[in-house]
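A.B. asks: Make a model of this:
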Amino acid sequence: MAKIKVYELAQEIGVKSAEILTILKNKGIEVKSHMSVLEDRQIDEVKNTLKAPAKLDEAPKKTEAKAPVKKKKSIIVVSNPHNSKLPGAQIPRKPAHPEKKAAAKQETAVKAKQETAVKTEPAVKQQATAKVETLVQPETAVKAVAAAKQETVVKTENAAKVKTAEKSAEKVVLKADNTEINQVTEKQSVEKQSIEKQFIEKQSIEKQSMEKQSME
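C.D. replies: Take a look at the predicted model:
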């Protein structure tokens, strides 16, 4: 047997969901709401419980059928009291009222429709509730997916910002390194020029000194 929900079993049997929930609770079976799914064992217990009172009700019905039916006394209306004493006189009876019978039938039909509407109303409400829950669940799922996408976008944007900041920092460091290298290179160049100048001057002085000595 396929698993069905509480309100589906109620529609199938023709009872209210609240009655099924009460039966399950009395048997120690915990069921949250009319949307809960029932197992085969639980379905059988509900059906057996609902069938048990019907067998007990059959005996009184049979006993009532055997009881003698009392006949209603017909009331005879005498239009003329003197005629009732005459032999062979026919006593007129009160004519039937078809309008009252029709009104009674119509009233019975209206009551039957009202009872049917009262029985059908819980089932309609349960179906409406089920439809609303069915609509709410996809909407919640869509919101969850949208939130996940938004979170992914934010993470991607943050990662891009971090990468941009790292690249900017790398550029600043490289620029500082290049500036420092250039400064060192310029300093070395100045020192080199100074040494070369000193060397040239020293050679020039030595040359002049040697020339003087040779002339003497």
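
A.B. asks: switch to C-alpha atoms for all contacts and neighbour counts from now on
C.D. replies: Fine.

A.B. asks: Quick one: the strands in this protein, in order.
C.D. replies: 4-5, 37-38 (DSSP state E).

A.B. asks: of all the ones you listed, which lies closest to residue 205?
C.D. replies: Among the strands of the chain, the nearest to residue 205 by Cα to Cα is strand 37-38 (114.0 Å).

A.B. asks: doesn't residue 24 make contact with residue 17?
C.D. replies: No: taking contacts as Cα atoms under 8 Å, residue 17 lies outside contact range of residue 24: 10.8 Å.

A.B. asks: So between these two, which is more surrounded?
C.D. replies: residue 17 (21 against 18; other Cα atoms under 10 Å).

A.B. asks: Distance-wise, check the more buried one relative to residue 159.
C.D. replies: Distance of residue 17 to residue 159, computed by Cα to Cα, to the nearest Å: 54 Å.

A.B. asks: Just name the most buried of the strands of the chain.
C.D. replies: strand 37-38 (a mean of 18; mean count of other Cα atoms under 10 Å).

A.B. asks: quick one: average pLDDT of that strand?
C.D. replies: For strand 37-38, the mean pLDDT works out to 84.

A.B. asks: Can we start the residue count at 855 from this point?
C.D. replies: From this message on, residue numbering opens at 855, which makes the last subject strand 891-892.

A.B. asks: Which secondary structure elements does that strand sit against?
C.D. replies: Contact here means 3 or more Cα pairs under 8 Å, 6 or more residues apart in numbering; DSSP states H and E; on that basis strand 891-892 packs against strand 858-859.

A.B. asks: Can you give me the pLDDT of the most centrally placed residue in the chain?
C.D. replies: The centre of the chain sits closest to residue 991, judged by Cα atoms, centre = their mean, with a distance of 3.1 Å. pLDDT, residue 991: 70.

A.B. asks: report the longest helix in the protein, please.
C.D. replies: Longest helix in the chain, counting residues (DSSP state H): helix 952-1069.

A.B. asks: Centre of the chain to that one, how far?
C.D. replies: 31 Å (Cα atoms, centre = their mean, to the nearest Å).

A.B. asks: Would you mind saying which of the strands of the chain lies nearest residue 966?
C.D. replies: With Cα to Cα as the measure, strand 858-859 is the member of the strands of the chain nearest residue 966 (28.7 Å).

A.B. asks: what's next to the closest one, contact-wise?
C.D. replies: With Cα atoms under 8 Å, 6 or more residues apart in numbering as the test, strand 858-859 has contacts from 888, 889, 890, 891, 892, 893.
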